[in-house]
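[1] Turn this into a structure:
(one chain, ligands or ions: 1)
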Amino acid sequence: MTKTQTFGIASLGVHLPPLAMKVEELAELRGVDPNKFTRGLGCREIALCPEGFDVVDLATEAARRALSRWDGKLEDIGLLAVGTETAVDMSRPLGAFVASNLGLSGNIRSYEVKHACYGGSVALRQALEWKLSGVSKGKAALVIAADVSLYAPKDPGEPTQGAGAVAMIVDAPTICAIDADTFAYSEPQLDFWRPVGEAYPRVDGPLSLDCYMRGAEHCFRQFIGERDAKAAFAELSDICFHVPFPKMVKKALVHTATALGLSEAETATLYEQKVEPTMRLNQRVGNCYTAALWLSVAHTLAGKDEGARLATFSYGSGFGTELFGLTAGPGAKAAAWMTDVETDLKDRRLIDGAEYERLREANVPAH
Ligand code: COA
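    Modelled structure (predicted):
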């Protein structure tokens, strides 16, 4: 059993970029059957940044939104941790750029966390554990997960691209409590990496899938412990995963549930009821690395009754995984943060293949 929770997410802010493209447009551009991207990978749209708009803009606006809905003040922030793999500087943390935009300075511990897509979750755990340790002196933490995912043009990963940011204020468990108990597993592997000086990542797709599935099984085995797996899953309203693309999540769920003894029919039901619905927003955004899991959580918590239990599975290549539970708080039902998500989705412009090609030529990421 998990321990009684005291701290969690007090406020949430999400920001999505102003452009997007349907994956069918990309399929046409690359001469690929669109069913490969839609049915084969489970993707629908990829979020894209226009020229002059970057990860700092995404992170800053997500933080502004989280702060604007919080009943605390800027002076109440004592920790700023940003998880990202879209570095804009090899030394200066992304948080310094965000803090400069927000006018945030003072007695604050501020740093960046890098562990591929796992960085945002590590930042969140550190913020929670900082609160639980008692050294926060009553201050709150501002945690941001923000990334722009771009592969080299024509790379097989291109239909999984995306961008987005999620900011979370860690303090009172108004939106959700975060379990103190947590279950991690890691192995040194070379499944996805971006060498210094290169603009785009390199991926060993089959190895990445294998690591993701293995990490999920190890984490869920620890989470379930001596309990009956079916009964443990029944206690959860939803299971949110890091979402590189939905098919990868489905494969990991099937692998894990089967390894834990669920039948084919039970696994299919578990996926349809508790996993597939958590990825609906991710399907319209694409992989936003550190933010992908937290985007799924933001979407899934919206409208939940107080007390609903969610499991969250983090994955970061290299590789590190972690699983922990959340309990919906009184602020989940009203889901104030979703108005921004709806506005961003409504206001963003869908581009075609020709504009995408121009954008990619003009917008080569910094090394
Ligand atoms: N209609 C329907 N489905 C089709 C299809 C078609 N015409 N053509 C292919 N597919 C299916 C394939 O069967 C496969 O599904 P399956 O795995 O269930 O069998 C899926 O589409 C992908 O096809 P595949 O040939 O494996 O794609 P690929 O070799 O081009 O690889 C990725 C594409 C995205 C899977 C690969 O680049 C990858 O794994 N990248 C990223 C990995 C990652 O993100 N790691 C984690 C970082 S956090």
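[2] can we go C-alpha only for contacts and neighbour counts from here?
    OK.
[3] you'd agree residue 120 is up against residue 144?
    Yes. Contact criterion CA atoms under 8 Å: residue 120 and residue 144 qualify, at 6.7 Å.
[4] which stretches of this structure form helices?
    23-30, 34-35, 55-68, 94-102, 119-133, 205-224, 229-234, 246-259, 264-270, 280-283, 292-301, 338-347, 353-362 (DSSP state H).
[5] Now for residue 114, how many residues are close by?
    By the criterion of other CA atoms under 10 Å, residue 114 has 18 neighbours.
[6] which residues sit in contact with it?
    83, 84, 85 (CA atoms under 8 Å, 6 or more residues apart in numbering).
[7] hang on, the last one packs against residue 147?
    Yes. Taking contact to mean CA under 8 Å, the distance of 6.4 Å between residue 85 and residue 147 places them in contact.
[8] Just want to know which of the two has more residues nearby.
    Taking other CA under 10 Å, residue 85 and residue 147 do not tie; residue 147 has more neighbours (30 against 26).
[9] re the thing from before, pick the most deeply packed of the helices of the chain.
    helix 292-301 (a mean of 27; mean count of other CA atoms under 10 Å).
[10] Send me it as CSV with only the CA atoms.
    Provided in CSV are the C-alpha atoms of helix 292-301 (Å, rounded to 0.1, in the frame of the first residue of the first chain):
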residue,chain,number,x,y,z
ALA,A,292,4.6,13.7,-23.1
LEU,A,293,3.7,11.8,-20.0
TRP,A,294,2.6,15.0,-18.2
LEU,A,295,0.4,16.0,-21.1
SER,A,296,-1.3,12.6,-20.9
VAL,A,297,-1.7,13.2,-17.1
ALA,A,298,-3.1,16.7,-17.6
HIS,A,299,-5.6,15.3,-20.1
THR,A,300,-6.5,12.3,-18.0
LEU,A,301,-6.9,14.2,-14.6
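[11] what's the distance between it and the middle of its chain?
    7 Å (CA atoms, centre = their mean, to the nearest Å).
[12] from memory residue 328 sits against residue 176, does it?
    Yes. Here residue 328 lies in contact with residue 176, judged by CA under 8 Å, at a distance of 4.3 Å.
[13] And these two? Which one has more around it.
    Using other CA under 10 Å, the more surrounded residue of residue 328 and residue 176 is residue 176, with 30 against 25.
[14] Close to the ligand: what parts of the stretch 201-350 of the chain are there?
    205, 208, 244, 316, 317 (CA under 6 Å from any ligand atom).
[15] what's the closest of these to residue 226?
    Nearest to residue 226 among these is residue 316, at 26.9 Å by CA to CA.
[16] Could you measure from that closest one over to residue 271?
    Distance, residue 316 to residue 271, by CA to CA, to the nearest Å: 22 Å.
[17] the more surrounded of these two?
    Each of residue 316 and residue 271 has its neighbours counted (other CA under 10 Å); residue 316 has more, 27 against 20.
[18] Output stretch 120-139 as PDB - backbone C-alpha positions only.
    Listed next in PDB are the C-alpha coordinates belonging to stretch 120-139 (Å, rounded to 0.1, in the frame of the first residue of the first chain):
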ATOM      1  CA  GLY A 120      10.600  16.000 -16.300                       C
ATOM      2  CA  SER A 121       9.600  13.100 -14.100                       C
ATOM      3  CA  VAL A 122      12.900  13.200 -12.300                       C
ATOM      4  CA  ALA A 123      12.500  17.000 -11.700                       C
ATOM      5  CA  LEU A 124       9.000  16.300 -10.400                       C
ATOM      6  CA  ARG A 125      10.200  13.600  -8.000                       C
ATOM      7  CA  GLN A 126      13.000  15.800  -6.700                       C
ATOM      8  CA  ALA A 127      10.500  18.600  -6.100                       C
ATOM      9  CA  LEU A 128       8.200  16.200  -4.200                       C
ATOM     10  CA  GLU A 129      11.000  14.700  -2.200                       C
ATOM     11  CA  TRP A 130      12.300  18.300  -1.400                       C
ATOM     12  CA  LYS A 131       8.900  19.000   0.000                       C
ATOM     13  CA  LEU A 132       8.700  15.700   1.900                       C
ATOM     14  CA  SER A 133      12.200  16.200   3.400                       C
ATOM     15  CA  GLY A 134      11.100  19.400   5.200                       C
ATOM     16  CA  VAL A 135      13.900  21.600   3.800                       C
ATOM     17  CA  SER A 136      11.600  23.600   1.600                       C
ATOM     18  CA  LYS A 137      10.600  25.800   4.600                       C
ATOM     19  CA  GLY A 138       7.000  26.000   3.300                       C
ATOM     20  CA  LYS A 139       8.000  27.200  -0.200                       C
END
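[19] For the chain, give me the ranges with low pLDDT.
    1-5, 366-367 (pLDDT under 70).
[20] got the domain boundaries for it?
    8-175+335-362, 183-328 (automatic domain parsing).
[21] thinking again about what came up before, with respect to residue 196, which of the helices of the chain lies nearest?
    Per CA to CA, nearest to residue 196 of these: helix 94-102, 17.1 Å.
[22] could you give the angle of that closest one to helix 55-68?
    Interaxial angle, helix 94-102 versus helix 55-68 (axes from the mean of the first three to the mean of the last three CA atoms, to 10 degrees): 60 degrees.
[23] and helix 94-102, what other elements does it pack with?
    helix 55-68, strand 77-83, strand 109-113 (3 or more CA pairs under 8 Å, 6 or more residues apart in numbering; DSSP states H and E).
[24] Out of those, which is closest to the ligand?
    strand 77-83 (13.7 Å; CA to the nearest ligand atom).
[25] partner strands of that closest one, parallel or antiparallel?
    strand 109-113 (parallel), strand 140-149 (parallel) (DSSP bridges).
[26] Much appreciated, bye for now.
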